[in-house]
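>>> Kindly generate the corresponding structure for this input.
(2 chains)
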Amino acid sequence: MNNVTGINIARFILLLLAQVVICNQINFLGYINPYIYIIFIFLFPIREERLVLLLVSFLLGMFVDMFSDSGGVHAAAAVSLAYVRPILLKSAFGMLYEHQSIKFSNTDMGSLISYISLGTLIHHLILFSLEIFNISNILLILQKTLFSSIFTIILSVLIIILFSRNKK
Amino acid sequence: MQQILNFVIRNKTFLLFLLLFSIALALTIQSHSYHRSKFINSANGLTGGVYSTINSVDKYFNLKTENDILSEENKRLREQLFNRNTTTDSSFIDTTYSKSIYRVTIADVYKNSYSSTNNYLTLNKGRNDSIKEDFGVITSKGIIGIIDNTSNNYSRALSILNTRSRINAKLKSTNHIGSLTWNGESPIYAQLEDVSQFAPVKIGDTIQTGGQSSIFPKGIGIGTISSFESDISGDTYTIQVKLFNDMTNIGTVYILENLDRNEILNLENSSDE
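Presented below is the predicted three-dimensional model:
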């Protein structure tokens, strides 16, 4: 148990730093940044209390907001993602989730990718809607959501594969 | 009472979600009003510390461009100095007018963003260096933004690449004014709105600050006109301005304090009443 908590605290700090120090500075093609800190929410232990996940996600989002001067948009998006996570898990993993026996390191690739893609799209849509905060710029919102999502999904899947294989 | 308690316990996840989401939403909306985003911003010790570490590494990679900018500025200043000598040699200098009313502070940019629709810069000078809100930020090439938040050692500037930024600007050749805004799309172009249709707008002309606000002195460069179109009503032009500054690459900036600002504001307020 302590081990799990330790891993998650380390993951929290490492992903936050990676996000702020590296990913926020990429600006690929001028405006495309990956938001990899949501990996923390994806990989949060399933058996833990949901309230804890909500609170920790809020904190994580708040820190990212603080670093990128964006008010509360990351916090709002992260909390929403944490809230809908059980639905995503159920739709992506089906029976495995019912039995509470998912191990992210050895699930099949398809389920994992669909889980992450759905979550990323939801998170980014909320993020950019709140950031731009103007319904007349709906095209800009969708464009940013799409491109950043592609970037985030690829990076997230790569990072998860890379680090889960190491632990074996 | 029992039922209310039961309801709360049953829906505790949803209620917590609602609470946290509304806090986040409130912070977002609050950050949309100028001068209000006090709590969550990058001008504090924690973020400033992290960004100063990044900056100390990052600086080495930009030394060459920074040197180029400096030598270019040196060259221009030297030209001004020599020209001044030749023209003012025999003429009379009225020292009462040459009193400098702007105090200049040099600051490093610790964080610069240009990919979002509301961009800010974090600078490494704060209240301890007597930096306050509403000071102007420029580089040798042109304007960058306005300080909107300060902590003891850091300050945050509202970039001109921010949909909430409005800066008074004018055509260099005439005195037709407009306000400089940004539509959130390209970091290379800003928009100059509400320029009178009587203004002689030509592609390639220079846009500079208008001097009507007490933040920037008159005549600081902003950019050149790259295209323009008249509004639907036909009364005003909206001009695309290609910025002099490469907003994606800013290392060192100058913070301007107008020493007469309070006097100007007092005068304006008293005439309102």
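>>> residue contacts, residue 113?
The chain I'm using is chain A. With contact taken as Cβ atoms under 8 Å, 6 or more residues apart in numbering or on different chains, A:I113 is in contact with A:I153, A:V157. No exception for glycine: its C-beta is placed from N, CA and C like everyone else's.
>>> um, chain B though
Counted by Cβ under 8 Å, 6+ apart, B:S113 has contacts A:N24, A:S68, A:D69, B:N119, B:Y120, B:L121, B:S159.
>>> Narrow the residues you listed to those in helices?
A:S68 (DSSP state H).
>>> possible to save the contacts of B:S113 as TSV with distance to B:S140, neighbour count and pLDDT?
Shown next, in TSV, are the contacts of B:S113 (distance: Cβ to Cβ, whole Å; neighbours: other Cβ atoms under 10 Å in any protein chain shown; pLDDT from 0 to 100):
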residue	distance to B:S140	neighbour count	pLDDT
A:N24	27	19	81
A:S68	27	24	84
A:D69	25	27	81
B:N119	21	26	87
B:Y120	21	26	89
B:L121	16	27	90
B:S159	17	26	90
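>>> Of the contacts of B:S113, which is the nearest to B:N6?
Of all the contacts of B:S113, B:N6 sits closest to A:S68, with 40.9 Å by Cβ to Cβ.
>>> Could you report the separation of the closest one from chain B?
Between A:S68 and chain B the computed distance is 7 Å (Cβ to the nearest Cβ, to the nearest Å).
>>> tell me the contacts of the nearest residue to that residue once chain neighbours are set aside?
The shortest distance from A:S68 to any non-neighbouring residue, by Cβ to Cβ, 6 or more residues apart in numbering or on different chains, is to A:N24 (5.8 Å). If you count contacts by Cβ under 8 Å, 6+ apart, A:N24 has them with A:N33, A:F67, A:S68, B:S113.
>>> Next, format the contacts of B:S113 as JSON lines and append distance to B:L27.
What follows is those, written out as JSON lines (distance: Cβ to Cβ, whole Å):
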{"residue": "A:N24", "distance to B:L27": "19"}
{"residue": "A:S68", "distance to B:L27": "13"}
{"residue": "A:D69", "distance to B:L27": "12"}
{"residue": "B:N119", "distance to B:L27": "18"}
{"residue": "B:Y120", "distance to B:L27": "15"}
{"residue": "B:L121", "distance to B:L27": "20"}
{"residue": "B:S159", "distance to B:L27": "20"}
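>>> So which bits of the stretch 51-200 of chain B are right by chain A?
By the rule Cβ under 8 Å from any Cβ of the partner chain, the part of the stretch 51-200 of chain B lying against chain A is B:51, B:54, B:111, B:113-118, B:120, B:122, B:156, B:184-187.
>>> And the residue nearest the centre of the chain?
If you meant another chain, say so; for now it's chain A. A:I38 (1.9 Å; Cα atoms, centre = their mean).
>>> In terms of helices and strands, where is the nearest residue in space to that one that is not next to it in sequence?
Computed as Cβ to Cβ, 6+ apart, the closest residue to A:I38 that is not its neighbour in sequence is A:H123, at 5.5 Å. Per DSSP states H and E: A:H123 is located in helix A:109-132.
>>> before we move on, what about A:I7?
Going by DSSP H and E, A:I7 is in helix A:2-17.
>>> Quick one: name whatever helix or strand follows that helix.
Next helix or strand after helix A:2-17 toward the C-terminus (DSSP H and E): helix A:39-43.
>>> tell me which residues of the lowest-mean-pLDDT helix or strand in chain B are tucked away?
Lowest on mean pLDDT, DSSP states H and E among the helices and strands of chain B sits helix B:63-88, with a mean of 73. Neighbour counts over helix B:63-88 (16 or more other Cβ atoms under 10 Å in any protein chain shown) mark B:I69 as buried.
>>> Identify all contacting residues around whichever helix or strand comes after it.
Counting by DSSP H and E, the next helix or strand C-terminal to helix B:63-88 is strand B:102-112. Outside strand B:102-112, the residues within contact range by Cβ under 8 Å, 6+ apart are A:67, A:69, B:42, B:47-48, B:51-52, B:54-55, B:59, B:119-125, B:129, B:131, B:137, B:154-155, B:159, B:217, B:247-248, B:250-259.
>>> give me that answer again for 7 Å
Identification of contacts with strand B:102-112 by Cβ atoms under 7 Å, 6 or more residues apart in numbering or on different chains yields B:42, B:48, B:51-52, B:55, B:121-125, B:129, B:131, B:217, B:250-259.
>>> I'd like to know which of those residues are part of strands.
B:L121, B:T122, B:L123, B:T252, B:V253, B:Y254, B:I255, B:L256, B:E257, B:N258 (DSSP state E).
>>> just the buried members of those?
Buried among the ones in strands among the contacts of strand B:102-112 by 16+ other Cβ under 10 Å: B:L121, B:T122, B:L123, B:T252, B:V253, B:I255, B:L256, B:E257, B:N258.
>>> Report the two of these separated the most.
Pairwise distances across those (Cβ to Cβ) peak at 22.3 Å, for the pair B:T122 and B:N258.
>>> No further queries at this time; thank you.
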